[in-house]
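Undergrad: Fold the following.
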Amino acid sequence: MTVVRDAATVIVLRDRAHSPKVLMGRRGSKAAFMPDKMVFPGGAVDPGDAEVPLRGLPERICLERLAEGCDPTISGALAAAAVRELWEETGLILGTPGDWPDAPPDWARFAATGHRPSASGMRFVFRAITPPGRTRRFDARFFLLDAEQLSSDPDDFTHAEDELSALSWVPLDETEKLDLPFITEVVLAEVASRIDDPAPPPSVPFFRNSDEESHFLRLGRRGPLP
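TA: Numbers count the residues shown, from 1 in each chain. Below you'll find the predicted structure:
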């Protein structure tokens, strides 16, 4: 049985009010998970993410939704993983100025920029578990972030690692032309529905795919979607 790993994904939204765009990149053709697909930056939670001292956290309602049905301590680890994956895959910084002399090894490059990580401004908007039968399975939490919250130039990808190629700001109304995973299409529809409302959502869609059955639920509201 394939182990389901906790994961965090970041949807960075730019020019929300006028011509909204989202940041996406292409996974490599030899990637074990979703090869050649256009995706948002993100990845699995690392064991050390729970110990990362974040300068800021998502709003309380987001933390409550993240913890629903889970170990409450997972919320901070997911937020830290989102900041780390955004940095590793795009080179973009979500943090506040400050020295971090005791940063863990996998945060050393981030710390060298003169910033401490902060998840303030991220909003939890979607959760989905990869269906059974895939080579890898993730319990992915999707965070929405306005580009204005970044502490770096949103067009500077020079510090990105090589996991994603063709990093670009894609107009939201043109994403349907891309080769996207099904779940990414669903999440984009949710993002589009929230363009005019920057507040954290009171309830969060959840595709819960277990080995026995699948449900489309909402965290923060009991029962299936109508």
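Undergrad: buried set for stretch 81-96?
TA: For stretch 81-96, burial by neighbour count (16 or more other Cβ atoms under 10 Å) applies to 81-95. Every residue, glycine included, has its C-beta placed from N, CA and C.
Undergrad: and what of stretch 110-126?
TA: Quick answer for stretch 110-126 (16+ other Cβ under 10 Å): 110-111, 113, 115-126.
Undergrad: Looking at those, which are in helices?
TA: Of the positions in the buried residues of stretch 110-126, F110, A111 sit in helices, assigned by DSSP state H.
Undergrad: from the buried residues of stretch 110-126, which two are the most distant?
TA: Greatest spatial distance among the buried residues of stretch 110-126 (Cβ to Cβ): A111 and F126, at 29.8 Å.
Undergrad: Please tell me how far D211 sits from L178.
TA: D211 sits 30 Å away from L178, going by Cβ to Cβ, to the nearest Å.
Undergrad: between these two, which one's more packed in?
TA: Remark: of D211 and L178, L178 carries more neighbours, 15 against 11, as counted by other Cβ atoms under 10 Å.
Undergrad: can I assume the more buried one is in contact with M38?
TA: Yes: taking contacts as Cβ atoms under 8 Å, L178 lies within contact range of M38: 4.4 Å.
Undergrad: which residues do these two both contact?
TA: Common neighbours of L178 and M38, using Cβ atoms under 8 Å, 6 or more residues apart in numbering, are M24, V170.
Undergrad: Would you map the strands across this structure?
TA: In the chain, the segments counted as strands under DSSP state E are 4-14, 21-27, 38-39, 42-44, 95-97, 115-117, 123-129, 137-146, 164-171, 204-209, 214-219, 221-224.
Undergrad: Throw these into JSON lines and include mean pLDDT and distance to R194, thanks.
TA: Shown next, in JSON lines, are the strands of the chain (pLDDT from 0 to 100; distance: least, Cβ to Cβ, whole Å):
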{"stretch": "strand 4-14", "mean pLDDT": "97", "distance to R194": "9"}
{"stretch": "strand 21-27", "mean pLDDT": "96", "distance to R194": "12"}
{"stretch": "strand 38-39", "mean pLDDT": "96", "distance to R194": "19"}
{"stretch": "strand 42-44", "mean pLDDT": "96", "distance to R194": "18"}
{"stretch": "strand 95-97", "mean pLDDT": "98", "distance to R194": "24"}
{"stretch": "strand 115-117", "mean pLDDT": "98", "distance to R194": "25"}
{"stretch": "strand 123-129", "mean pLDDT": "97", "distance to R194": "7"}
{"stretch": "strand 137-146", "mean pLDDT": "97", "distance to R194": "7"}
{"stretch": "strand 164-171", "mean pLDDT": "96", "distance to R194": "17"}
{"stretch": "strand 204-209", "mean pLDDT": "93", "distance to R194": "11"}
{"stretch": "strand 214-219", "mean pLDDT": "88", "distance to R194": "14"}
{"stretch": "strand 221-224", "mean pLDDT": "51", "distance to R194": "16"}
